[in-house]
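A.B. asks: Whatever this is, show me its structure:
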Amino acid sequence: MIVSEQLVTALATAAFPTFAVLIGILINNQRLNDFSRSVDQRFSETNRHIDDVKDVLRSEMFRVEQVLDARLKHLEEHL
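C.D. replies: Numbering: from 1, shown residues only. So this is what the prediction gives:
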């Protein structure tokens, strides 16, 4: 009976830190996954914002091009 108690004690002493480390790794992995998702979401929002700004700039540049073309045409007609 004493041998089995010692065996149980030894196993419990060796197993507890192993399980504690395993649980710590799993928790840390979950936190890293959450962080990764958060970063991905922020980059996605930033990319969407950049695309919106590009669209606005394209439309404004087209408008400027149209105004310059109209002025150039007007100058050519008067010369």
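
A.B. asks: residues touching Gly24, list them.
C.D. replies: For Gly24, the contact set (Cβ atoms under 8 Å, 6 or more residues apart in numbering) is empty. C-beta here means a position set from N, CA and C on the backbone, and glycine is covered the same way.

A.B. asks: name the element Ile23 belongs to?
C.D. replies: In the assignment (DSSP states H and E), Ile23 maps to helix 2-78.

A.B. asks: Run the chain-centre distance for that helix.
C.D. replies: 0 Å (Cα atoms, centre = their mean, to the nearest Å).

A.B. asks: Kindly give the local confidence score, pLDDT, for Arg63.
C.D. replies: Looking at Arg63, its pLDDT is 97.

A.B. asks: tell me the contacts of Phe43?
C.D. replies: Per Cβ under 8 Å, 6+ apart, neighbours of Phe43: none.

A.B. asks: And the pLDDT at it?
C.D. replies: According to the prediction, Phe43 has pLDDT 94.

A.B. asks: how close does it get to Leu26?
C.D. replies: To Leu26, Phe43 is 26 Å away according to Cβ to Cβ, to the nearest Å.

A.B. asks: same question, Leu32
C.D. replies: For Leu32, the distance to Leu26 - Cβ to Cβ - is 11 Å.

A.B. asks: just Val8 next, same as before
C.D. replies: Val8 sits 26 Å away from Leu26 when distances are taken as Cβ to Cβ.

A.B. asks: can you check Thr13 too?
C.D. replies: Separation of Thr13 from Leu26 (Cβ to Cβ) stands at 22 Å.

A.B. asks: Before we move on, what's the pLDDT of the spatially most central residue of the chain?
C.D. replies: Taking Cα atoms, centre = their mean, the centroid of the chain lies closest to Asp40, which sits 1.6 Å from it. In this prediction, Asp40 carries a pLDDT score of 93.

A.B. asks: Tally up the residues packed near Thr46, please.
C.D. replies: 10 (other Cβ atoms under 10 Å).

A.B. asks: ok, now the one 10 residues further on?
C.D. replies: Here the neighbour count serves as a burial measure; for Val56 (other Cβ under 10 Å) it reads 10.
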